[in-house]
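# model the structure of this input:
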Amino acid sequence: MEELVSIFVRAIFIDNMVFAYFLGMCSYLAVSRTVNTSVGLGAAVVFVLGFTVPVNYLLQNYILGRGALAWLGPQFASVDLSFLTFIMFIAIIAAMVQLVEMLIEKLSPTLYSSLGIFLPLIAVNCSILGGSLFMQERNYANMSEAVSFGLGSGVGFFVAIVGIAAIREKIRYSNVPAPLRGLGITYIITGLMGIAFMSFMGIEL
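Presented below is the predicted three-dimensional model:
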């Protein structure tokens, strides 16, 4: 249990997709103008990462990896389908994003309209694919660890995008120099938030 909590907390604060690796910056910058849309996109990312990382873990360990098909019989023990990793990971992500898009359109048309093109673009959000690739690289021992990492990565993105959205809403009333207004000051604040999140690297987990 402690290991699962450690993976979850690390994914949020230490290995944050936005502040540690600067993945998913396109939607992070474009959708973070208001807290409402940021909450919607952040929740969608949590859902997609929480589902796709464990599903891709199963794909990696029981279908795609070298020797993963041994459960079908000894004649399949030498089969290596790892060359299909990228396309299979992306196919799972695209299918899940399509499901999320249909659900949001049905349940909250206003949010669907606010997110616009950036909702289907979750499918090509590098933080989503990054979650599955990091899972593969770190070779988690079991499904529970993959689920913990996927959910933690999603929550980390949620914290990042909602945090910057709250700051951007407040900063509209600040006297920001004209050349820095808009994306300029957002980049600066993102860098400062990244430095702040680096302080969590000293936590012993």
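# so who does V100 touch?
44, 47-48, 119, 122 (CB atoms under 8 Å, 6 or more residues apart in numbering). For glycine as for every other residue, the C-beta is placed from the backbone atoms N, C-alpha and C.
# looking at these, which is nearest L4?
L4 lies nearest to F47 out of the contacts of V100, by CB to CB, at 19.2 Å.
# that closest one contacts G154, correct?
Yes. Here F47 reaches G154: they are 7.2 Å apart, a contact under CB atoms under 8 Å.
# one step back: and the two most separated of the contacts of V100?
F47 and L119 (11.9 Å).
# hmm, I122 and A94 touching each other?
No. When contacts are counted by CB under 8 Å, A94 is not listed as touching I122 (9.3 Å).
# could you identify the least confident member of the contacts of V100?
Least confident entry in the contacts of V100, by pLDDT: L119, with 75.
# what is the burial count for the nearest residue to that one once chain neighbours are set aside?
Excluding the flanking residues, the one nearest L119 by CB to CB, 6 or more residues apart in numbering is E101, at 5.4 Å. E101 is flanked by 17 other residues according to other CB atoms under 10 Å.
# now E101, what's its secondary structure?
Following DSSP: H, G, I helix; E, B strand; the rest coil, we place E101 in the helix state.
# list the contacts of it.
112, 119-120.
# could you single out the nearest of the residues you listed to L183?
Out of the contacts of E101, the member with the shortest distance to L183 (by CB to CB) is L119, at 20.8 Å.
# just the buried ones from the contacts of V100?
Applying 16 or more other CB atoms under 10 Å to those, the neighbour count classes 44, 47-48, 119, 122 as buried.
# and the helices in the chain?
Secondary structure of the chain (DSSP state H): helices located at 2-9, 25-30, 35-59, 85-107, 109-115, 126-138, 143-171, 183-198.
# contacting residues around the second one?
If I follow you right, that is helix 25-30. Contacts of helix 25-30 (CB under 8 Å, 6+ apart): 18, 41, 118, 121-122, 125, 157, 160-161, 164, 183, 186, 190.
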